[in-house]
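Enquirer: From the sequence below, what's the structure:
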Amino acid sequence: MDSIELQKLAERSRSMREAGMALILASAILALFIFIPRNFGTTPAPAVAVATSTTPDAFANVAVQAKAAIVYDLATGKVLYAKNADAQLPLASLTKLLTVYAAFAELSPTTPVTIPAEVTHLDMPRAFNAGQIFSLGDLARLTLTASLNDGAAAIASATAARENTTQNAMLASAASALDLTQTYAVNGSGLDVSSSLSGGYGSAYDLARLAGALVESAPAVALATTGSSAQATSAGGTSFTVKNTDPMVGTIPRLLLSKTGYTDLAGGNLALVFDAGMLHPIAVIVLGSSKEERFTDGTALVAAALAHFAGIASL
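Expert: Numbering: from 1, shown residues only. Down below sits the predicted model:
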């Protein structure tokens with residue numbers, strides 16, 4: 001092979017090496033381009049199309065008469081709707097939720113509870129005679145369903161006696177255990193103490209979490225409040241049937257708890273817990289409405305909550 005052919009072969013070999021190096025360099029640059037974040041340094045990232053939700057706000061057109069209200073997602077801790085949800089307002093018989101929660105934190109459902117003589121003179125509604133004995137579970141079912149003041153007072157008395165403390169201290173301890181910072185009770189029934197002092201105070205936000213806690217700790221008692229009536233028999237064999245104070249229990253799907261409240265100071269109150277689907281509990285609380293509009297308010301908020309989870313805005 002002459003020198004000219006050797007020179008051509010060397011040049012061709014050099015060209016192939018340079019081409020190979022160029023290919024490796026190009027591949028490295030491409031890899032850097034692919035894997036290094038686009039917004040590295042001060043160079044702005046290129047515009048990227050992001051899918052956004054077009055689902056309307058199901059609560060946008062909801063108007064409630066209540067002074068305060070909340071729709072609270074108990075599964076996620078998210079507030080779906082709020083109106084003055086942190087305002088401390090009179091609770092009326094929603095106080096009974098705290099009383100029953102406190103009792104089940106201390107006593108078993110089978111614990112016997114005797115009706116004290118002094119509670120049989122409380123304002124209506126009441127149903128019992130002094131000395132009658134019920135299991136805590138039965139008495140709580142009757143009491144919450146029909147909002148019985150004598151039953152709530154008897155439960156509060158028995159729980160405080162077991163804890164060897166006052167009823168006020170017992171109820172305060174239960175509220176503290178749930179971190180209900182706006183909630184306290186003067187008595188176990190929620191009856192107004194005077195024309196200026198309610199039997200219990202709390203916020204819609206606190207009551208939503210309290211209602212959820214009661215559903216979790218005493219599900220059978222809570223579920224009893226979703227029927228049109230409740231039945232139980234005393235230890236002495238006396239049978240009781242009481243009517244639910246909430247006329248709308250049959251209209252709410254998968255209802256888990258219902259509790260009404262009304263006094264002159266509080267106005268109309270309502271607490272509901274229902275399953276929005278797939279074990280997803282939602283609490284709806286209405287405080288400071290009227291005796292009739294509390295149910296209208298509650299119905300509107302439940303409908304909006306269902307629409308929210310269905311992805312459909314309420315009309």
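Enquirer: From now on I want contacts and neighbour counts done on CA atoms only, so please keep to that.
Expert: Fine.
Enquirer: can you pull the contacts of Gly137?
Expert: With contacts defined as CA atoms under 8 Å, 6 or more residues apart in numbering, the neighbours of Gly137 are Pro109, Thr110, Thr111, Val221.
Enquirer: and the gap between it and Ala224?
Expert: If you measure Gly137 against Ala224 using CA to CA, to the nearest Å, the figure is 10 Å.
Enquirer: end to end, how far does stretch 212-223 reach?
Expert: End-to-end span of stretch 212-223 (CA to CA): 12 Å.
Enquirer: buried stuff in it?
Expert: Along stretch 212-223, the positions that meet the burial threshold by neighbour count (16 or more other CA atoms under 10 Å) are Gly212, Ala213, Leu214, Val215, Ala218, Ala220, Val221, Ala222, Leu223.
Enquirer: Assign the third one to helix, strand or coil.
Expert: This means Leu214. With DSSP: H, G, I helix; E, B strand; the rest coil as the basis, Leu214 sits in helix.
Enquirer: that's a strand at Ala283, yeah?
Expert: Yes. Membership of Ala283 in a strand is supported by three-state DSSP.
Enquirer: count of neighbours near the nearest residue to it once chain neighbours are set aside?
Expert: The spatial neighbour of Ala283 that comes closest, neighbours along the chain excluded (CA to CA, 6 or more residues apart in numbering), is Val273 at 4.4 Å. Val273 is surrounded by 29 other residues when neighbours are defined as other CA atoms under 10 Å.
Enquirer: what are the phi and psi angles of Val273?
Expert: Note on Val273: backbone dihedrals following degrees, to the nearest 10 are phi -130, psi 130.
Enquirer: pLDDT at it, what is it?
Expert: You'll see Val273 listed with a pLDDT of 98.
Enquirer: Same question for Gly277.
Expert: The confidence metric pLDDT takes the value 89 at Gly277.
Enquirer: now Ala10
Expert: Looking at Ala10, its pLDDT reads 42.
Enquirer: Contact partners for Leu255?
Expert: With CA under 8 Å, 6+ apart as the criterion, the residues that contact Leu255 are Leu223, Thr226, Val249, Leu272, Val273, Phe274, Asp275.
Enquirer: Can you tell me the number of residues neighbouring Gly298?
Expert: Using other CA under 10 Å as the criterion, Gly298 is surrounded by 25 other residues.
Enquirer: I figured Thr95 hits Asp192, correct?
Expert: No. Under the contact definition of CA atoms under 8 Å, Thr95 does not touch Asp192, with a separation of 11.0 Å.
Enquirer: Looking at these two, which is more packed in?
Expert: Looking at Thr95 and Asp192 with other CA under 10 Å, you find the greater number of neighbours at Thr95, namely 28 against 22.
Enquirer: and whichever strand or helix holds that one, what's its mean pLDDT?
Expert: When secondary structure is defined by DSSP states H and E, Thr95 falls within helix 95-106. Mean pLDDT, taken over the full extent of helix 95-106, equals 98.
Enquirer: For it, name the packing helices and strands.
Expert: Contact partners of helix 95-106 among helices and strands, from 3 or more CA pairs under 8 Å, 6 or more residues apart in numbering; DSSP states H and E: helix 136-146, helix 149-163, helix 167-177, helix 204-217.
Enquirer: Identify the residues contacting the closest residue to Leu107 other than its chain neighbours.
Expert: Nearest in space to Leu107, with sequence neighbours left out and distances taken as CA to CA, 6+ apart, is Thr159 at 7.2 Å. Listed by CA under 8 Å, 6+ apart, the contact set of Thr159 reads Ala102, Ala103, Glu106, Leu107, Gln167, Met170.
Enquirer: how close does Thr159 sit to Val100?
Expert: Between Thr159 and Val100 the distance is 9 Å, computed by CA to CA.
Enquirer: cool, Gly131 as well?
Expert: If you measure Gly131 against Val100 using CA to CA, the figure is 20 Å.
Enquirer: Comparing these two, which residue is more hemmed in?
Expert: Set side by side, Gly131 and Val100 show unequal neighbour counts under other CA under 10 Å, the larger going to Val100 at 28 against 12.
Enquirer: Please name the nearest non-neighbouring residue to that one.
Expert: In space, not counting the residues next to it along the chain, Val100 is nearest to Ala140; the distance is 6.6 Å by CA to CA, 6+ apart.
Enquirer: shaky segments in the protein?
Expert: Scanning the chain for pLDDT under 70 picks out the ranges 1-55, 312-315.
Enquirer: what sits against the residue nearest to Val100?
Expert: Ala140 sits next to Val100, Gly151, Ala152, Ile155, Val221 when contact means CA under 8 Å, 6+ apart.
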